[in-house]
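Visitor: Sharing a model prediction with you, sequence too.
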Amino acid sequence: MLSKQELLERAKKHCFFVGLNDSGAELCKVNTPYGIAALHYIQEKLGLKPDATFISSPDMTITRNSTRWKSGFGYGGKLVWGDGSQEFTVLNVKPNACGMLAGGLEKLPDIDNLIRKLHEMETSENKVEGYKVEWDFYKSNHFIDVFEVKPVAGSHYSVPPYAFILHGSASEFRRDNELGFGIYFDKSKKLLDMAEKIKTPFGLFYVLTGKNARDFFERYKFTEKFSEKKRELAAKLLFGEYMPISNETHQGLLNMNTLIMGCHNIKDSHSLFPLALRADLPAYLVRGVFNYTPETIQVLGFEQRAKEMGVYQYLLDANIVPHGGGYVLPDILGVNKVIEVNGNRYFEVEMQNDRGKQIISEVRELPYEYRGRNVILRSLEIRSLEIMYKLIPKFVLKM
């Protein structure tokens, strides 16, 4: 068995970061190896190859979900812990089927009328697949944005002059429900009872194997489909007729061993994906590029390490696009070191005002901002996407 430090050093070699040099990215860099090391420990305990790997997208940052963060994970990337066929899944990462729907409009909606429709929608009972809908556009970073569409030179798509983006998930199935167990182990007692509890040197993890893993993945896929249809229903109730552009999950399971964490998974070379930054900045419709080519992997300096770790194929299969700008912590310059006390991690950070240091553990309560165009610029730099349309903000609904 490897020592705790050896486990952590090996985990660092399984992390491939392509993000920015700011506080959000730096905290992601120092926290993520702890989660990877825990997954390696669990894999070995289950008799599996310790190959868990994190491949970041350019918007890599912190996660403001406390459980996910304390388990040793950041956000903005693809997390892989097997070839997709292994009946083994991890609950600490908390897939939630969050996604964005982008639609095209021929006319700019009237704000007053849209607000009335939103009020009617949220005060009436709506169902999807026979289950009552809980609207959540007022929560966290969920929103409804309306834009004017500006084509970028070279775009060969046909998109109407206006567009909207809906950002939402399926909170209805996080807890125990009519179907049985939910998808969040810390909200669903039935799921918690199904889970195997494994104490690692990096904290307690909840995993499912065998039939339980298969059943969970099926429940997650139902939840994801519900989430997609829920966004479609919201779009229809609010905007009536619209041109479907994209309705993709950016926080969920692709299979029992692969999770996308705040990014779009590229399935083909022609689909458009929304990339939303801040309310005061343009959003974009982008075309995903099959970006982790052998040439790109070599240029990024990942080739030798990926082959040595036996995860080169994971990089070739990554192909992800940012869904947003990600968080940056304006008061923090960088991370000096990690201090562990009684199983808890504390981060000594350098402050922007150059007046001392701060020791933090929970990042959820820290002041944060959304990044700007630098995520787009970094994405273009590593050739992970092509911009097809710029979306000029007209108004945002967060109610």
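Guide: All right, it came through fine.

Visitor: Might you list the low-confidence residue ranges for the stretch 251-399 of the chain?
Guide: For the stretch 251-399 of the chain, the stretches with pLDDT under 70 are 399.

Visitor: all helices in it, in order from the N-terminus.
Guide: 294-299, 303-309, 312-316, 374-381 (DSSP state H, counting those that start in this stretch).

Visitor: Kindly reformat those helices as a markdown table containing distance to A195.
Guide: All C-beta spots, glycine's among them, are computed from the backbone N, C-alpha and C. Shown next, in a markdown table, are those (distance: least, CB to CB, whole Å):
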| stretch | distance to A195 |
| --- | --- |
| helix 294-299 | 35 |
| helix 303-309 | 28 |
| helix 312-316 | 25 |
| helix 374-381 | 35 |
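
Visitor: Could you say which one of those helices comes nearest to I111?
Guide: With CB to CB, the closest approach to I111 among those belongs to helix 374-381: 27.7 Å.

Visitor: Next, format the helices of the stretch 251-399 of the chain as CSV and append mean neighbour count.
Guide: What follows is these, written out as CSV (neighbours: other CB atoms under 10 Å):
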stretch, mean neighbour count
helix 294-299, 14
helix 303-309, 15
helix 312-316, 19
helix 374-381, 18
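
Visitor: gap between N291 and I297?
Guide: 10 Å (CB to CB, to the nearest Å).

Visitor: CA atoms only for stretch 249-262 - export them in CSV, please.
Guide: Provided in CSV are the C-alpha atoms of stretch 249-262 (Å, rounded to 0.1, in the frame of the first residue of the first chain):
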residue,chain,number,x,y,z
THR,A,249,-26.6,18.6,-19.5
HIS,A,250,-23.3,20.1,-18.1
GLN,A,251,-23.3,18.4,-14.7
GLY,A,252,-24.0,14.7,-14.9
LEU,A,253,-23.1,11.1,-15.6
LEU,A,254,-22.2,9.9,-19.1
ASN,A,255,-21.9,6.4,-17.8
MET,A,256,-21.2,4.7,-14.5
ASN,A,257,-17.6,5.8,-14.5
THR,A,258,-17.6,9.2,-16.2
LEU,A,259,-18.9,12.6,-14.9
ILE,A,260,-19.0,16.0,-16.7
MET,A,261,-18.6,18.7,-14.1
GLY,A,262,-19.7,22.1,-15.5
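
Visitor: Show me which residues of that stretch are buried.
Guide: By 16 or more other CB atoms under 10 Å, the buried positions in stretch 249-262 come out as 249-254, 256-262.

Visitor: tell me how far it is from the chain's mean position?
Guide: 8 Å (CA atoms, centre = their mean, to the nearest Å).

Visitor: cool, stretch 204-212 as well?
Guide: 21 Å.

Visitor: before we move on, the earlier item: with G74 as the reference, name the closest of the helices of the stretch 251-399 of the chain.
Guide: Among those, if distance is taken as CB to CB, the winner is helix 374-381, at 14.7 Å.

Visitor: quick one: the top helix by length along the chain to chain centroid distance?
Guide: The helix that spans the most residues within the chain, counting by DSSP state H, is helix 210-239. Taking CA atoms, centre = their mean, one finds the center of helix 210-239 at 16 Å from the center of the full chain.

Visitor: Also stretch 383-395?
Guide: 19 Å.

Visitor: P201: neighbour count?
Guide: P201 has 17 neighbours, counted by other CB atoms under 10 Å.

Visitor: hmm, back to that, which of the helices of the stretch 251-399 of the chain sits closest to G99?
Guide: Nearest to G99, of all the helices of the stretch 251-399 of the chain, is helix 374-381, at 18.4 Å by CB to CB.

Visitor: Assumed R175 was part of a helix.
Guide: No - R175 is assigned coil when assessed by DSSP: H, G, I helix; E, B strand; the rest coil, not a helix.

Visitor: pretty sure it contacts F185?
Guide: No - using CB atoms under 8 Å as the test, R175 is too far from F185 to be in contact (10.6 Å).

Visitor: returning to that earlier point: tell me what the longest helix of the chain is packed against?
Guide: strand 88-90, strand 98-105, helix 111-123, strand 127-128, strand 162-168, helix 189-194, strand 243-255 (3 or more CB pairs under 8 Å, 6 or more residues apart in numbering; DSSP states H and E).

Visitor: quick one: contacts for the most centrally placed residue in the chain?
Guide: The centre of the chain sits closest to G262, judged by CA atoms, centre = their mean, with a distance of 1.7 Å. G262 makes contacts with 57, 59, 61, 63, 75-77, 250-251, 322-324, 326, as judged by CB atoms under 8 Å, 6 or more residues apart in numbering.

Visitor: Could you dump those into a markdown table with distance to A37 added?
Guide: Formatted as a markdown table, the contacts of G262 follow (distance: CB to CB, whole Å):
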| residue | distance to A37 |
| --- | --- |
| S57 | 21 |
| D59 | 24 |
| T61 | 20 |
| T63 | 17 |
| Y75 | 18 |
| G76 | 19 |
| G77 | 16 |
| H250 | 25 |
| Q251 | 23 |
| P322 | 26 |
| H323 | 27 |
| G324 | 28 |
| G326 | 23 |
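
Visitor: sorry, back to before: what's the spacing between the residue nearest to the centre of the chain and E303?
Guide: Distance from G262 to E303, by CB to CB: 26 Å.

Visitor: Name the SS class of H40, please.
Guide: Going by three-state DSSP: H40 is helix.

Visitor: mind listing what the residue nearest to it when sequence neighbours are not counted touches?
Guide: Among residues not flanking H40 along the chain, P50 sits closest, at 3.8 Å (CB to CB, 6 or more residues apart in numbering). Neighbour list for P50: 10, 39-41, 43-44 [criterion: CB under 8 Å, 6+ apart].

Visitor: quick check, nearest of these to S171?
Guide: L39 (26.2 Å).

Visitor: number of nearby residues for the closest one?
Guide: L39: 33 surrounding residues under other CB under 10 Å.
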